[in-house]
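J.: 3D, please:
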Amino acid sequence: MSTQDQIAAARRIPLRYLARLNPRPRSHSDDDATYLPMEAISEFGPVDTSRRRPFRDLQSGYSYIEDGDIALAKVTPCFENGKGFVAQNLPCGYAFATTEVSVIRPKSSIDARYLSWIFQSSDFLQRGESHMTGSGGLRRVPDSFIEKYSVPLPRITTQQAIADYLDHETARIDDLVKHQQELINTLLERRQAVVSHMTASDQFSRPSDWDSVTLRRIGRFVTGKTPTGDPGELYDDAGPLGWARPEDLGGYVVPSRRLTALAASQVRQTTSSVLICCIGATVGKVGWSDGPISSNQQITAVEIDGIAKYWYYSLTGLRSDLVALAVGNTIPILNNTRLAELRVSVPPVEQQQTIVSRLDTETERLDKLIHEAEKFIQMCSERRTALISAAVTGQIDLRETA
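T.: Predicted coordinates for the structure are as follows:
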């Protein structure tokens, strides 16, 4: 019987009959235990088990996991991103994790790897997302959804064959993605090096013409702001003023949101400005605009009476200096006082124009290669998702893939 026929004939059984959800901890004599916060958990990939905490601090109020269990993130956006893992070779055979994961302990009738692939299927993820409760960034998939979710239960050898097939095929896809990501990183490093090289004064015959000043001398600093009020009254795709966020930076800024006249009255706008992200993981990220624009509170705009695009390139080349000026261990923050003291070189306007022209040519070529690699990764991701769904729903006859 083909795989399609076996899955088509298999009963769909709610998971509450096939697994235990969130099992209670067993007693252990260890002084310390492995602790898994959400950042230690990837998208059904390697798990960082390096963190240890006193056992007595973890034995209540945390999720308990043993080898053979499946941990599945239930909070947004980790659930939608497919965060989770099948526990294998945990230190001492067990660990405690954040309560933002559900722990599923499969019974003997269902293979853990097969079940983990079902959890990565588009059907499960889409249905789970539609059942989320809560609001904003605190939306979660309830355990009741997992308990009621029905899975096809072919014989155990078929489950294992499906898991083996997906282990092999997705590993090939993941390897392609890894190589493309390495290419992107190399291209980004090359881009950064080109920009740094081209904006250095020693690349020109008369570097003495370049003034060295602090950034405060370049233009007017404007700290961004998020307007307050009902979002329905603040944002409109046809609104009169663009409002930039960190994800919009990285080149010429095309704001992903626009403000209504009401919201625009609450913020300060700039023209011909370079925008710098000054908080969080994207600190030092730079963009530029030659028209009216506003930004959120994570961004400082420097309004420049000159060639804004040159200063975008110049500060992009100095990103490591911008990052070094940030303070804070958990969330890096680059305040305007420290930002204003960054020393920059100011070439004559005609040389600024020459640099911009040369860099436009060089970065356009590199950006095109990066874009092509990103498109390939997206294609691989879509292929991976489709393959998982096809395999667990019986659309692939594994006899033909042997």
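J.: distance of Val344 from Ser116?
T.: 52 Å (CB to CB, to the nearest Å). From N, CA and C alone the C-beta is placed, and that goes for glycine too.
J.: Also Cys380?
T.: Using CB to CB, one obtains 20 Å as the distance from Cys380 to Ser116.
J.: what does Pro91 give?
T.: On the measure of CB to CB, Pro91 and Ser116 end up 21 Å apart.
J.: quick one: which of the two has more around it?
T.: A count of neighbours by other CB atoms under 10 Å puts Ser116 above the other of Pro91 and Ser116, at 20 against 13.
J.: Check which helices and strands the host helix or strand of that one sits against.
T.: Following DSSP states H and E, one finds Ser116 within helix 112-119. Here helix 112-119 touches strand 70-73, strand 84-86, strand 101-106, helix 156-198, helix 349-392, going by 3 or more CB pairs under 8 Å, 6 or more residues apart in numbering; DSSP states H and E.
J.: Can you read off the pLDDT for Gln59?
T.: Per-residue pLDDT puts Gln59 at 82.
J.: what do you get for the one 3 residues further on?
T.: For Tyr62, the pLDDT comes out at 92.
J.: what's the pLDDT at the closest residue in space to it that isn't next to it in sequence?
T.: Spatially, and ignoring its direct neighbours in sequence, Tyr62 is nearest to Phe96 (4.1 Å; CB to CB, 6 or more residues apart in numbering). You'll see Phe96 listed with a pLDDT of 93.
J.: Distance-wise, check Val141 relative to Gly61.
T.: Taking CB to CB, one finds Val141 at 20 Å from Gly61.
J.: Kindly report the same for Asp321.
T.: Distance, Asp321 to Gly61, using CB to CB: 43 Å.
J.: ok, these two, which is more surrounded?
T.: Between Asp321 and Gly61, counting by other CB under 10 Å, Asp321 is the more crowded of the two (13 against 8).
J.: give the contact list for the more buried one.
T.: Going by CB atoms under 8 Å, 6 or more residues apart in numbering, Asp321 touches Leu342.
J.: so which of the helices and strands packed on helix 112-119 comes closest to Gly317?
T.: Nearest to Gly317, of all the helices and strands packed on helix 112-119, is helix 156-198, at 3.9 Å by CB to CB.
J.: tell me the angle that closest one makes with helix 112-119.
T.: When axes from the mean of the first three to the mean of the last three CA atoms, to 10 degrees is applied, the directions of helix 156-198 and helix 112-119 differ by 60 degrees.
J.: Run a quick neighbour tally on Pro37.
T.: 11.
J.: Test my guess that it contacts Arg51.
T.: Yes - counting by CB atoms under 8 Å, Arg51 is a contact partner of Pro37 at 7.1 Å.
J.: Next, please give the residue ranges for the helices of this structure.
T.: With helices called from DSSP state H, the chain shows them at 3-9, 55-58, 112-119, 122-130, 143-148, 156-198, 231-234, 261-264, 308-317, 319-325, 336-340, 349-392.
J.: can you pull the buried residues of the fifth one?
T.: The neighbour-count criterion (16 or more other CB atoms under 10 Å) identifies 145-147 as the buried residues of helix 143-148.
J.: of all these, which comes closest to Val103?
T.: Among the buried residues of helix 143-148, and counting by CB to CB, the member closest to Val103 is Ile146, at 10.2 Å.
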